[in-house]
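Trainee: Need a 3D model of the sequence below.
(chains A, B, C and D)
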2 protein chains.
Amino acid sequence: MRQKITLKHIAKELDISISTVSKALKGNKEISEDTRLKVKAFAKLYNYKPNNIALSLKNRKTKTIAVIIPEILHHFFAKVIRGIERVANKNGYQVIICSSNNSFDREVINFEMLASGSADGFILSIAKETLQNQDYHHITETISQGMPVVLFDRVADGIFCDKIIVDDTRGAQDAVMHLLAQGSRRIVLLTTVDYINVGNLRTQGYLRALKAYDLEIDETLILKIEDVDNCEGEILSFLEEKEFDGIFAVNELFAVLATKAVRLQNKSIPDDVAIIGFSDGLLSKHASPTLTTVSQHGEQMGEKAAELLIHKLENQQQGLEEYRTIIIDTELIHRASTRE
Amino acid sequence: MRQKITLKHIAKELDISISTVSKALKGNKEISEDTRLKVKAFAKLYNYKPNNIALSLKNRKTKTIAVIIPEILHHFFAKVIRGIERVANKNGYQVIICSSNNSFDREVINFEMLASGSADGFILSIAKETLQNQDYHHITETISQGMPVVLFDRVADGIFCDKIIVDDTRGAQDAVMHLLAQGSRRIVLLTTVDYINVGNLRTQGYLRALKAYDLEIDETLILKIEDVDNCEGEILSFLEEKEFDGIFAVNELFAVLATKAVRLQNKSIPDDVAIIGFSDGLLSKHASPTLTTVSQHGEQMGEKAAELLIHKLENQQQGLEEYRTIIIDTELIHRASTRE
DNA sequence: TTGTATGCGTTATCAG
DNA sequence: CTGATAACGCATACAA
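Mentor: Numbering: from 1, shown residues only, chains lettered A, B, ... in the order given. As a prediction, this is how the structure comes out:
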């Protein structure tokens, strides 16, 4: 088990100075061809790799982007990460991912850990608990220390930085409009509790669509779900007692569970009940019937986020603080759970 | 935008030496109560956080574990990561995740990047392309430099290190045995090409189960799929021309697609055809019908992997190189796609 | 052409 | 009780 080799080792072995080794390795022409080749050969032989930590300390930059997401186990976030990675790698940046598991504490810990030297900037989607607490000190402080942050999807108004968001309201509205256009009139809304802003925004979209059709809001058709991980029974019994001919769900899981419930009632999809979910993931694609859904273009979001961040990173000298909010359009993916 | 604050700043501002500040902050009793409080107050006021990069350089350890997985967009890997995170965080380690996207080059880049100072050890599942190339130099070299590596799930024999594997063969065998026990005799195998070792091992399990029942292997019932991302049509047409009463698929996706194909043929599941997949993810759980499947206990794998790695990390002095391979049992989760 | 000195931020050791 | 110095690994301005 030979130790990790450093410039110092090479220098000692070759009996030259550390700086000569350093220069030789970088192909600096100051150094004689002879020495240069000798050093390079030796370095290759012993598989020398510069120590990133030392480099980061020296350069005061790490060439890494930290991504913090609420949960890895999520198709949408995975897609965003792909987009981020693509752009980051193309620009010579490394991407490291941490998950907050929707916990405020973990988010703070991860954030502060990475903020204190390990990364040059952040791409972040805020944890559920943080959104509830409305405590963003870790983020705002980091920003005020000059570290660029890009927020995506789960953002907060109180934080001043670049943001990439989905037009959730519009996406939801389009979806519900589609349900209405294809004939549904009593449309169930399966949504989350209000403090989840994406759930909230999608709920707004639902309301707007009904308004556009001059329909009255029937509150009894709206179910606000608290415990996402354990809601199958809740959805089932909710749907049992209602009269409806359409369902709009603010995420995939709700949509799939609703589909099951409807089938248990021996109603046909899409003829008796049309269903649209939000988020174009595996579930929607492979459910039976396949689900019409609102796609969020996750990769594109990731790409944009990375572009924005890298731009900030590489143009940091001028202190003009200007923040952009980019809205990514959604797209309705038509599948078998709706007519037309 | 106030700059990131360092010991030096504090020292200058308070007109004391850097080392005094450092000691005061660490609560060293050498320092007078007076100075200590003053320094701490100042540090808190300016939100001082020690620079991790500098600490890492000094301590020659980062307290971070690097996890490299072939793809994030994968329920099983996400579960493993959860397990890793739980154990790591409990032991004061940070987890950073990188994906190789199943590309050899990206795996090498990520690996070398993280190996050169950014992490203390690795937990890794080998990329598909790397498995094909059978080029593990990046891994073996790192190991030989004294950095602990734990391989999980997609491992390779040529690498000497700790390994956590699923008993894929056994899991597959149990699954197929169950199909046989509940009456299936002509069982289709949907598997991957051979160089994917998990696919291969699961195929072995299939063969063993048939052998245990003294059945002849019908090669025409075996489909080896190359392009996982684009196999719906392939599965569909393959199943069209066959006679079968059971399907074993080496992953969730194949299982779900098979389910669709079977339903298109108007055969009933599980009465005409029973189906079992591998990997207990969202798809199996929410498919219609819900799929019986082989669960791999991903979180447990992650936990074990992290435990092993941290153990190595914290007992590195003794150079006794002893490597363990831990086999995690699978479990058959019974759902609606099989009888009984 | 090569080497020396300095600094990145921190801590440990030792001297005052 | 406080501070100077060295060291972690590297790069670079400056000297020789």
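
Trainee: what residue ranges in chain A score low on pLDDT?
Mentor: By pLDDT under 70, the weakly predicted segments of chain A are A:1-2, A:317-320.

Trainee: got the residue ranges for the strands in it?
Mentor: Secondary structure of chain A by DSSP state E: the strands cover A:64-69, A:94-99, A:121-124, A:149-152, A:162-166, A:187-192, A:222-225, A:246-249, A:274-278, A:292-295, A:325-328, A:331-333.

Trainee: Which residues belonging to the shortest one are considered buried?
Mentor: Of the residues in strand A:331-333, those buried by neighbour count under the rule 16 or more other C-beta atoms under 10 Å in any protein chain shown are A:332-333. No exception for glycine: its C-beta is placed from N, CA and C like everyone else's.

Trainee: what does that strand rub up against?
Mentor: A:171, A:174-175, A:178, A:276, A:280, A:284, A:292-295, A:297 (C-beta atoms under 8 Å, 6 or more residues apart in numbering or on different chains).

Trainee: ok, and which of these reach DNA strand D?
Mentor: Among the contacts of strand A:331-333, no residue is within reach of DNA strand D (C-beta under 7 Å from any atom of the strand).

Trainee: So which of these is the closest to DNA strand C?
Mentor: Comparing the contacts of strand A:331-333 against DNA strand C with C-beta to the nearest atom of the strand picks out A:H297 as the nearest, at 39.2 Å.

Trainee: Now that closest one: closest residue in space that isn't a chain neighbour?
Mentor: Closest residue to A:H297 apart from its sequence neighbours, by C-beta to C-beta, 6 or more residues apart in numbering or on different chains: A:I328 at 5.5 Å.

Trainee: thought the one you found was touching A:M301?
Mentor: Yes: in this structure, A:I328 is within contact of A:M301 by C-beta atoms under 8 Å, at 5.2 Å.

Trainee: of those two, who's got more company?
Mentor: Remark: of A:I328 and A:M301, A:M301 carries more neighbours, 25 against 20, as counted by other C-beta atoms under 10 Å in any protein chain shown.

Trainee: Tell me which residues touch the more buried one, please.
Mentor: A:80, A:83, A:152-153, A:164, A:166, A:328.

Trainee: Name the member of those with the most neighbours.
Mentor: Neighbour counts for the contacts of A:M301 (other C-beta under 10 Å) peak at A:V80, which has 30 neighbours.

Trainee: Tell me what A:A66 is bridged to.
Mentor: Beta-bridge pairing for A:A66 (DSSP bridges): A:I96, A:F122.

Trainee: Any idea how many residues pack against A:P289?
Mentor: 16.

Trainee: actually A:K26, not the one I wrote
Mentor: Counted with other C-beta under 10 Å, A:K26 comes out at 10.

Trainee: That one and DNA strand D, how far apart?
Mentor: Applying C-beta to the nearest atom of the strand, to the nearest Å, the value for A:K26 to DNA strand D is 6 Å.

Trainee: what do you get for A:K44?
Mentor: Distance of A:K44 to DNA strand D, computed by C-beta to the nearest atom of the strand: 14 Å.

Trainee: Pull the number of nearby residues for that residue.
Mentor: Other residues within reach of A:K44, judged by other C-beta under 10 Å, total 9.

Trainee: ditto for the one 3 residues further on
Mentor: Burial of A:N47 is recorded as 15 neighbouring residues (other C-beta under 10 Å).

Trainee: from what I can see it touches A:I5, true?
Mentor: Yes: at 7.1 Å, A:N47 counts as touching A:I5 under the criterion of C-beta under 8 Å.

Trainee: any idea what sits nearest the residue nearest in space to the middle of chain A, other than its immediate chain neighbours?
Mentor: Relative to the mean C-alpha position of chain A, the nearest C-alpha, by C-alpha atoms, centre = their mean, is the one of A:F77, at 4.3 Å. Nearest residue to A:F77, sequence neighbours excluded (C-beta to C-beta, 6+ apart): A:I69, at 4.5 Å.

Trainee: What about A:L215, how many residues nearby?
Mentor: 13.

Trainee: A:E240 now?
Mentor: Number of residues near A:E240 (other C-beta under 10 Å) recorded here: 10.

Trainee: likewise the one 10 residues further on?
Mentor: Using other C-beta under 10 Å as the criterion, A:V250 is surrounded by 29 other residues.

Trainee: All set now, cheers.
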